[in-house]
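# Would you be able to build a 3D model of this:
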Amino acid sequence: MEIKVIEERENPMLNRREIRFAILHDGPTPSRKSVVEKIAATMGSKVGLVMVNSLKSEFGKRETRGYAKIYETEERAKEVERSYVVTRNVPGSAAEESS
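This is a model prediction of the structure:
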């Protein structure tokens, strides 16, 4: 799995970076968890600070496009993001443990 950053912009009002990216992959569409981990490693951040909003792939292509936000602190991420988005992107959250 390889990630290419298509567009990156700073958002100083919300203390975050916003990126649009493309993932080149063999096999099925990668999981959200693996995408969050790869973006965190690529962009020099931590897993709890990366919030992937969307992943879209087309039938027959080995490419998935997405949009993610990288926050400076976990507190700011929880203030700005909706609770279900945080639950989807942060590993070991209460929703994952109960299922």
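# longest helix anywhere in this protein?
Of all the elements of type helix in the chain, the one with the most residues (DSSP state H) is helix 32-43.
# For that helix, list every residue counted as buried.
Buried residues in helix 32-43, counted by 16 or more other Cβ atoms under 10 Å: 35-36, 38-40, 43. (Each C-beta comes from the backbone N, C-alpha and C, glycine too.)
# can you redo the residues you listed as CSV with pLDDT and distance to Arg65?
Listed next are the buried residues of helix 32-43 as CSV, based on pLDDT from 0 to 100; distance: Cβ to Cβ, whole Å:
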residue, pLDDT, distance to Arg65
Val35, 94, 11
Val36, 94, 16
Lys38, 94, 14
Ile39, 94, 13
Ala40, 94, 18
Met43, 92, 16
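# Tell me which other helices or strands the longest helix of the chain touches.
On a contact count with 3 or more Cβ pairs under 8 Å, 6 or more residues apart in numbering; DSSP states H and E, helix 32-43 meets strand 2-11, strand 16-24, strand 50-57, strand 63-71, helix 83-89.
# Turn these into JSON lines, including mean neighbour count.
Compiled in JSON lines, the helices and strands packed on helix 32-43 are given as follows (neighbours: other Cβ atoms under 10 Å):
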{"stretch": "strand 2-11", "mean neighbour count": "12"}
{"stretch": "strand 16-24", "mean neighbour count": "18"}
{"stretch": "strand 50-57", "mean neighbour count": "17"}
{"stretch": "strand 63-71", "mean neighbour count": "19"}
{"stretch": "helix 83-89", "mean neighbour count": "15"}
